Structure formats: C-alpha cells, structure tokens
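Undergrad: Generate a structure from the sequence data that follows.
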Amino acid sequence: MLPVVSVLMATYNDHPDRLWAALDSIVRQTCSDWELIVIDDSTNGGTIEVLEEYAGKLPGQMVLVHNQVRRGFVASLNQGLALARGHFIARMDGDDISEPHRLETQVKFMESHPEIGIVGSHVLVIDENGAPQSIRKYRCSHEEICARGYFRNPMAHPSVMLRRATFDLIGNYEFAHSEDYELWLRAIKRSVRLSNIDEPLLRYRVVPAESHKRNRSGGSKYVMRAKIRHFNWKYPVRSLLGICLSAIQWLMPQPMIDALHARDAQKQIL
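TA: Numbering: from 1, shown residues only. The predicted structure follows:
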C-alpha cells in the first residue's frame, strides 16, 4: 500500500546531533502514514553513521541512498522525487525540526483544499542549540503570495508540502541555485495555487557562522534569472519591479547584502 506522504530530504555533511533531531521529528509525527526518502551526498562519517543507524530502525519506511559521487542539492532532490511514492511530497532539511502535528495538519489542509497545489507554513527560527529566536511569518493566501512573490521568496522551502500531481504538472526542480524560488514562480505562472498555513509547523535553524542555507538558495543573480525566466504578463509591473530589485541587490557590496539579510531575519511577516 502506498504511503500518503513522502518526506524528502537531501543531506550533505549535516551536523550529526541536528540531523538526529530532524529525523526524530519525522518519527514522532502524529501522522504515521509516511515514508522517508534521504539522498545523501556526505563525506562526513558522523552524518553517514546517523543515517545508517536510522535506516536500520525504520526498515520498509526509510529509503536511504548514498551517492558515490557528489551530485549536489537539486540533483539529489530530483533523485529522491523519482523514488517517492506518496500522494503528497513534504520537504525537510537535515538541520530543521518538524512540529509533531506538521504532516497531519498539512495533509488535512490539502484534503480540504483540493484547489491548492503547494502549501507551506510559518517557521519558528531557532539557533544552533535549538533555542527559539523569532517567528518568521509568510503571507497565507494565494493572492497575497502572488502579490509578494516577485519581490521576495514567499514560502519557506523546508516547510512545504506539494501534491505529487503538482510536480507532474510543472516538472521537477530545475535551477542549481534558487531552486525553490524558481519552482514557486513557475507554479504561479502555470496557475498552480499556493498557500501558507497560519502557524509555525517547522523549527528553522539559523546558525550565523554557517552560510550553507543562504548559499544553497543562491544569490540575487540566480533570483533575477528565475524572475526573468518566469516573467508573468498577468502581473507585468510586479514582475518588472521584482527583476529590477534583484538587479540592484546583485550589484550591492556584500556587507550591504548581509545587512539586508539580517534585517529580513528580524521581520515578522515576509
């Protein structure tokens, strides 16, 4: 029997303790009808040991693939998508923590809102030790997401759940950077409806000394490419202004860009 949810994770030398907490948060879900797909690019022995131990604890429910040659984040996600069997695909990162009711809440939302193709949520920002720092909120309705989507990323990637049919309609991840932002813009352009649930369902870890999340999502250059590729004639002014904003940010000196990221991190609603 096919699982309702496939939880998709791509790992690369994640901190073993944080990875263990991330995996634990899936096992402790109130929704038990899931499978966990982990594509691992790691060379770190501690990361690999945690994954192997967890795979041994979840026979038949966890699929673990160790890449012999590093394939990168996006290729690993697509590799995992090819293995996923669930009706819904839930994203998860190896250093975040899903709240116990996350999958149940998102599945119920998707079942009661068949018009929605992608749903995310607010996130509780935590530090490297797991201490809460702030709640990062996102616009919830499709209309608000469309209005803001050409100016800043309207969804937290590791919080989202997508229908399998949504990937069938719009395709898999394509950009090597800004892969999530490009996917949202592609979905909007192809009339897929997006939403965010009005509560934090994920604990999103931010460690200032580690910049891999920001680097993985790409810089303004890659965001600008995504906006140009998916220029939306339904929203021409928003699309053009969004491209100009990314171009300006691309040309900014790095200290100014860091200051903007820090300011956004303090905002309550994005």
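Undergrad: so who does the nearest residue to E35 once chain neighbours are set aside touch?
TA: In this structure, E35 finds its nearest non-sequential neighbour in P3, 4.4 Å apart by C-beta to C-beta, 6 or more residues apart in numbering. For the C-beta atoms, the positions are set from N, CA and C on the backbone; glycine is no exception. By C-beta atoms under 8 Å, 6 or more residues apart in numbering, the residues touching P3 are D33, W34, E35, R85, G86.
Undergrad: ranges for the strands of the stretch 151-270 of the chain?
TA: 161-163, 193-205 (DSSP state E, counting those that start in this stretch).
Undergrad: counting contacts, what elements does the first one pack onto?
TA: Helices and strands in packing contact with strand 161-163 are listed as strand 88-91, helix 102-112, strand 116-126; criterion 3 or more C-beta pairs under 8 Å, 6 or more residues apart in numbering; DSSP states H and E.
Undergrad: The last one pairs with which strands, parallel or anti?
TA: Same thing as strand 116-126. strand 132-136 (antiparallel), strand 161-163 (antiparallel), strand 193-205 (parallel) (DSSP bridges).
Undergrad: and the residue nearest to E35, that one's in a strand?
TA: No. Counting by DSSP: H, G, I helix; E, B strand; the rest coil, P3 is located in no strand; its state is coil.
Undergrad: can you tell me the helix or strand for T30?
TA: Using DSSP states H and E, T30 falls within no helix or strand.
Undergrad: same check, this time on V63
TA: V63 is located in strand 62-66, with elements delineated by DSSP H and E.
Undergrad: who touches that strand?
TA: By C-beta under 8 Å, 6+ apart, strand 62-66 touches 35-40, 42, 48, 51-52, 54-55, 79-80, 83.
Undergrad: and the residue most central in space within the chain, what does it touch?
TA: Residue closest to the mean C-alpha point of the chain, counted by C-alpha atoms, centre = their mean, is H157 at 1.9 Å. Listed by C-beta under 8 Å, 6+ apart, the contact set of H157 reads R91, D93, G120, D180, S217.
Undergrad: Among those residues, which one sits closest to E199?
TA: G120 (11.2 Å; C-beta to C-beta).
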